[in-house]
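Student: need coordinates for the below:
(2 chains, ligands or ions: 1)
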Amino acid sequence: MSFEACPECDLLLNQTQAAPGDKAHCPRCGYLLQRPHKHSIERTFALSIAGLILIAPANLLPMLRVKILGNIQEGTLWTGVGTLLKEDMWAVAMLVLLSSVILPFVNMLLAFLLSVHLFYQRSNSHMIPWMRWYQHLYEWAMIEVYALGIIVACVKLSDMADIKFGFGLYAFIGLLIVNAMLANEFDSYTFWRRITELAEK
Amino acid sequence: MKRLSTALTHGFIRCHECGQLIKTKEECICPVCKGHVSKRRNKNLHLTAALVISSLSLYIPANIFPIMAVTELGSTEQHTIAGGIIALIRQDMIPIAMLVLVASILVPLLKLMGLTLLMLCVHYRWQVNAKLFTRLYRIIAFVGRWSMLDIFMISILTGLVDIGGVAKVIAGPAATAFAAVVVLTMFAAKSFDPRLIWDHQLNHD
Ligand SMILES: [Zn+2]
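Tutor: The predicted model follows:
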């Protein structure tokens, strides 16, 4: 008999494997211990490829085009970072760059690398560090918060400007959906188990 | 009365990184992921307390100083966080104004108060409904990142509204303070270990 422990209340539990589609909660504090999905690895693999493809247009194409008193200006995900840097707000600029551009990309890449290795059953000594990085960086990629920021910015601008949406915004919304689906499919319990099985082989 | 049973009282420590349960009473290196295994994250609360105090002291300048300056046809207006919310109310955008109010003012403040409550509970070994306190911790850890809303909005506005003297949005000094508040409270929530709440609870049945 092997044991496991709840990460939030440290209750000692008998190790069990929940059926795909089921959820296993801690009986004492209610923490979600497992929610295995059928084909978690295959779906993460597919979604991370879709995400990596969408990241390019979401970053490079203009998201919003505003017209203020006859002057037209376009903005990509990077425009705000550039302006903040020009205004010497480098700390804020770096934070925005990390949480809206760099870390979403790094996380997507890590999910891709992990799932591709597990899918083709290739062992790689970097998989454990990748998994640890993925878990730590996860909450610092904030594209869903950025999406809310776009909505509030549009409301603020609606008085003074005409706003048009660009292809970059559609790619960004696609990325948002893929990212949310990936977060739902990525089952770290299964991933850790499969990585250790692969390493022991 | 006995303490509640935990993996630790049974002689096991769970690895923070990979979840592996290790039969040990001392700190060690996890045999699975090579991570550092300790009984609890920041058992003495020093780090969490330091992060909470620094973000609380930055919360004041973040709310007093202007977070952005809007120039329209030559006249410049400075907005604080609260001023931006009032401007949204004047635009009759009440739901959006409420959203910004919650994300920028209430969430950081309630988060800091919640973390203080959790630390007091651990420090003074209060007998509490630990399930409820753990739920409070979970909410604190979940909502923190949504406070970045204001920072992202300012970044988008400064990038889009940049037409010489006609119309321009510039980020103000409070933006840096506010960004620091968000980052520090996220680290503070991460540094707190909810298992500390359970460690001193007594078994009542
Ligand atoms: Zn639990």
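Student: so who does the residue of chain B found nearest the ion touch?
Tutor: Using C-beta to the ion, the closest approach of chain B to the ion is made by B:Thr134 at 7.4 Å. No exception for glycine: its C-beta is placed from N, CA and C like everyone else's. Listed by C-beta atoms under 8 Å, 6 or more residues apart in numbering or on different chains, the contact set of B:Thr134 reads A:8-9, A:29-31, B:194, B:197-198.
Student: which residues in chain B form helices?
Tutor: Applying DSSP state H to chain B gives helices spanning B:46-64, B:81-90, B:94-100, B:107-123, B:130-143, B:149-160, B:173-191, B:195-199.
Student: can I get the third one as PDB, trimmed to CA atoms?
Tutor: So that's helix B:94-100. What follows is helix B:94-100 as a C-alpha-only set of coordinates in PDB (Å, rounded to 0.1, in the frame of the first residue of the first chain):
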ATOM      1  CA  ILE B  94     -21.100  51.200 -13.600                       C
ATOM      2  CA  PRO B  95     -20.300  47.400 -14.100                       C
ATOM      3  CA  ILE B  96     -16.800  48.200 -15.500                       C
ATOM      4  CA  ALA B  97     -16.300  50.700 -12.700                       C
ATOM      5  CA  MET B  98     -17.200  48.100 -10.100                       C
ATOM      6  CA  LEU B  99     -14.800  45.600 -11.800                       C
ATOM      7  CA  VAL B 100     -11.900  48.000 -11.500                       C
END
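Student: report the two of the contacts of B:Thr134 separated the most.
Tutor: Largest separation among the contacts of B:Thr134 by C-beta to C-beta: A:Gly30 and B:Ile197, giving 13.6 Å.
Student: give me the more crowded residue out of these two.
Tutor: Neighbours per residue, other C-beta atoms under 10 Å in any protein chain shown: of A:Gly30 and B:Ile197, the larger number sits with B:Ile197, 25 against 15.
Student: for B:Leu101, give its distance to chain A.
Tutor: Applying C-beta to the nearest C-beta, to the nearest Å, the value for B:Leu101 to chain A is 12 Å.
Student: any idea how many residues pack against the closest residue to that residue other than its chain neighbours?
Tutor: Spatial nearest neighbour of B:Leu101, excluding adjacent residues (C-beta to C-beta, 6 or more residues apart in numbering or on different chains): B:Ile85 at 5.2 Å. A count of nearby residues for B:Ile85, using other C-beta under 10 Å, gives 21.
Student: tell me the pLDDT of A:Ala24.
Tutor: pLDDT recorded at A:Ala24 is 89.
Student: before we move on, what about B:Leu73?
Tutor: We have a pLDDT of 80 for B:Leu73.
Student: surely A:Leu98 touches A:Trp140?
Tutor: Yes. Using C-beta atoms under 8 Å, A:Leu98 makes contact with A:Trp140 at a distance of 6.8 Å.
Student: and chain B, what are its domains?
Tutor: B:1-39, B:40-198 (automatic domain parsing).
Student: burial count for residue 90?
Tutor: Because you didn't say which chain, this covers chain A. Around A:Trp90 there are 13 residues (other C-beta under 10 Å).
Student: not what I meant, chain B
Tutor: 10.
Student: and for the one 4 residues further on?
Tutor: As a burial measure, B:Ile94 scores 10 neighbours (other C-beta under 10 Å).
Student: leaving out sequence neighbours, find the closest residue to it.
Tutor: Nearest to B:Ile94 is B:Leu88, by C-beta to C-beta, 6+ apart, at 7.9 Å.
Student: what pLDDT is listed against that neighbour?
Tutor: 90.
Student: wouldn't it be in contact with B:Ala97 here?
Tutor: Yes. Taking contacts as C-beta under 8 Å, B:Leu88 lies within contact range of B:Ala97: 3.8 Å.
Student: which ones are touching A:Cys103?
Tutor: Small correction: residue A:103 is Leu, not Cys. Contacts of A:Leu103 by C-beta under 8 Å, 6+ apart are A:137, A:140-142.
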